[in-house]
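Undergrad: Have a look; sequence and predicted model below, questions after that.
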Amino acid sequence: MSVKAYIQSNKERFLEELFSLIRIPSVSAKHEHKEDMQACARRWAELLLSSGADKAVVMPTGGNPVVYAQKTISPALPTVLVYAHYDVMPAEPFELWNSNPFEPEIRDGRIWARGADDDKGQAMMQVKGFETALKSGLLKCNVKFIFEGEEEIGSPSLETFCKQNKELLEADIILVSDTSMVSQEIPSLTTGLRGLAYWDIEITGPNRDLHSGHFGGAVANPINTLCKLMAGIVDADGRITIPGFYDDVEEISPAERGMIARIPFDEEKYKASIGVNELSGEKGYPTLERNSCRPSFDICGIWGGYQGEGSKTVLPSKAYAKVSTRLVPHQDYNKILTLFQEYIQSKAPKSVKVKVTPTHGGQGYVCPIDLPAYKAAEKAVGIAFGKTPLAVRRGGSIPIISTFEQVLGIKTILMGFGLEQNAIHSPNESMMLDFFYKGIESVAEFYREYK
């Protein structure tokens, strides 16, 4: 049976199996969903076995369990390790959803639910693509699966798991579907991800909130101080002012710049889609480079003082911020974590106390496009979508990808099928049915092409 015929004859079953996972609210960020995490892991193990894996087990970690499965064709053949995550972001605010986020619905040619894309939908493409290849006689390699339940909270347990199970996870290449394409009309493969560094900041002034009339002008206001410190991090040209920050930043090659230039981009539509009148960023770089190949700094949250109804003339005791930088390959996030702390401490006036706490981070990643597995993915996506995919870097971060390279010594192919309009992490997350089936076809064709 051909790939397309197998998918067509099993398409309703594929959907129902996906829906059985979506109905489990596997929200890793909330302790009350601990049992749901276990249930979702067990369900994945069942589905991996029924899809053709020789074995599938739920393995403990320091946090939520890992699902491991494998299919061995021959020890002499290469091995593909498929990574995905079964945890999802919280669905709140529920009132903004047009349907129950954990009861999937099909409307307007889309699956609407939390996890429809990120990452249950895309993980199911991998599993059903594997099944399709196996049943169609196309599987010419061994396949292993590692599905974790903590990606949405930074994968705190997975690095240790990988170090403890290096032999179990031995493979020639890692295949991941947790990224997106340029657009519905323009298929693409992700060849690079930015790294990340994140901090919590606490500024303390007086030992209690003060009357702003009695003390204003004589005592430093922590919110004012915090705002001044944050405003100084990026200069008028969009450059980050932290000393040493750009030491390891590598300019992209003319060849890659040419590939980026091939990506269709309408700046006016881009601005209109997010409701802004003007774009901002590092001087001397076009938008598609600034949001994928250059580092950035953002205040993710800032607060302090009185925020209730009406007015309260108060000089607050404390101010807080959460800040992050997106980093490019070769920038070590541990080095950046330290540079930022030193910078803030050096700039802070003696009139306040400053506490900077690193919370998490990860390295960037670049995939060579001359790898045999990349070529196989490129051809496979081209078959399913009818167009050769573009090679693009994305601005987001998946820190575990660089961990795989460092701990396991394996490169990763980022073969994602998401779209910006799928609204991952937001209310009304969705996935196009057409993309769901084309993703399955792409994965099956990858196994035909990978040698």
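TA: Right, received. Where do you want to start?
Undergrad: After the lengthiest helix in the chain, which helix or strand is next?
TA: Assignment by DSSP state H gives helix 3-22 as the longest helix of the chain. Of the helices and strands lying after helix 3-22 in sequence (DSSP states H and E), the nearest is helix 34-50.
Undergrad: Now do that following helix: which elements does it pack against?
TA: helix 3-22, strand 55-59, strand 66-71, helix 120-135, strand 142-148 (3 or more Cβ pairs under 8 Å, 6 or more residues apart in numbering; DSSP states H and E). All C-beta atoms are positioned from the backbone trio N, CA, C, and that covers glycine.
Undergrad: okay, now the closest residue to residue 221 other than its chain neighbours: neighbour count?
TA: Nearest residue to residue 221 in three dimensions, chain neighbours excluded: residue 315, at 5.5 Å (Cβ to Cβ, 6 or more residues apart in numbering). Counted with other Cβ atoms under 10 Å, the neighbours of residue 315 add up to 24.
Undergrad: cool, residue 351 as well?
TA: 12.
Undergrad: got a list of what it touches?
TA: Residues near residue 351 by Cβ atoms under 8 Å, 6 or more residues apart in numbering: 205, 219, 220, 225.
Undergrad: Relative to residue 429, how far out is the last one?
TA: With distances defined as Cβ to Cβ, to the nearest Å, the gap from residue 225 to residue 429 amounts to 39 Å.
Undergrad: Settle it for me: which of those two has more neighbours?
TA: residue 429 (24 against 20).
Undergrad: any chance of the helices and strands packed on helix 34-50 in TSV, plus mean neighbour count, distance to residue 172 and mean pLDDT?
TA: Conversion of the helices and strands packed on helix 34-50 to TSV gives the following (neighbours: other Cβ atoms under 10 Å; distance: least, Cβ to Cβ, whole Å; pLDDT from 0 to 100):
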stretch	mean neighbour count	distance to residue 172	mean pLDDT
helix 3-22	17	23	98
strand 55-59	16	20	98
strand 66-71	22	14	98
helix 120-135	27	16	98
strand 142-148	24	9	98
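Undergrad: Can I get those in a markdown table including distance to residue 276?
TA: Formatted as a markdown table, these follow (distance: least, Cβ to Cβ, whole Å):
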| stretch | distance to residue 276 |
| --- | --- |
| helix 3-22 | 33 |
| strand 55-59 | 46 |
| strand 66-71 | 41 |
| helix 120-135 | 29 |
| strand 142-148 | 36 |
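Undergrad: so what's the most centrally placed residue in the chain closest to, chain neighbours aside?
TA: Centroid-nearest residue in the chain, with Cα atoms, centre = their mean: residue 398, separated by 4.5 Å. Nearest in space to residue 398, with sequence neighbours left out and distances taken as Cβ to Cβ, 6+ apart, is residue 193 at 5.7 Å.
Undergrad: Quickly note the distance from that neighbour to residue 5.
TA: 35 Å.
Undergrad: Residue 420: how many residues sit nearby?
TA: Count around residue 420 with other Cβ under 10 Å applied: 12.
Undergrad: Could you do the one 5 residues further on as well?
TA: For residue 425, the neighbour count with other Cβ under 10 Å is 14.
Undergrad: Could you do residue 214 as well?
TA: Residue 214 has 11 neighbours, counted by other Cβ under 10 Å.
Undergrad: returning to what we had before: quick one: contacts of the longest helix of the chain?
TA: For helix 3-22, using Cβ under 8 Å, 6+ apart, the contacting residues are 1, 40, 43-44, 47, 86, 102, 104, 106, 111, 113-116, 120-121, 124, 128, 132-133, 135-136, 138, 436-437, 440-441, 444-445, 448.
Undergrad: give me that answer again for 6 Å
TA: Helix 3-22 has contacts (Cβ atoms under 6 Å, 6 or more residues apart in numbering) with 43, 47, 104, 113, 115, 120, 124, 128, 132, 135-136, 437, 440-441, 444.
Undergrad: Now do stretch 70-77: distance to the chain's middle.
TA: Taking Cα atoms, centre = their mean, to the nearest Å, one finds stretch 70-77 lying 30 Å from the centre of the chain it belongs to.
Undergrad: what residues does it touch?
TA: Taking Cβ under 6 Å, 6+ apart as the rule, stretch 70-77 contacts 53, 54, 55, 141, 142, 143, 144.
Undergrad: cool, and stretch 113-132?
TA: Counting by Cβ under 6 Å, 6+ apart, residues outside stretch 113-132 touching it are 3, 6-7, 14, 18, 21-22, 51-52, 82, 84-85, 88, 91, 101, 104, 143, 177-178, 417-418, 422, 424, 429-431, 439-440, 443-444.
Undergrad: thinking again about what came up before, can you tell me how far the residue nearest to residue 221 is from residue 389?
TA: 56 Å.
Undergrad: One more: residue 2?
TA: 22 Å.
Undergrad: neighbour-wise, which of the two wins?
TA: Neighbour count, other Cβ under 10 Å: between residue 2 and residue 389, residue 389 has more, with 22 against 10.
Undergrad: Could you pull up the residues touching the more buried one?
TA: Per Cβ under 6 Å, 6+ apart, neighbours of residue 389: 187, 188, 189, 378, 381.
Undergrad: The same query, at a cut-off of 8 Å, please.
TA: 181, 187, 188, 189, 378, 381, 382.
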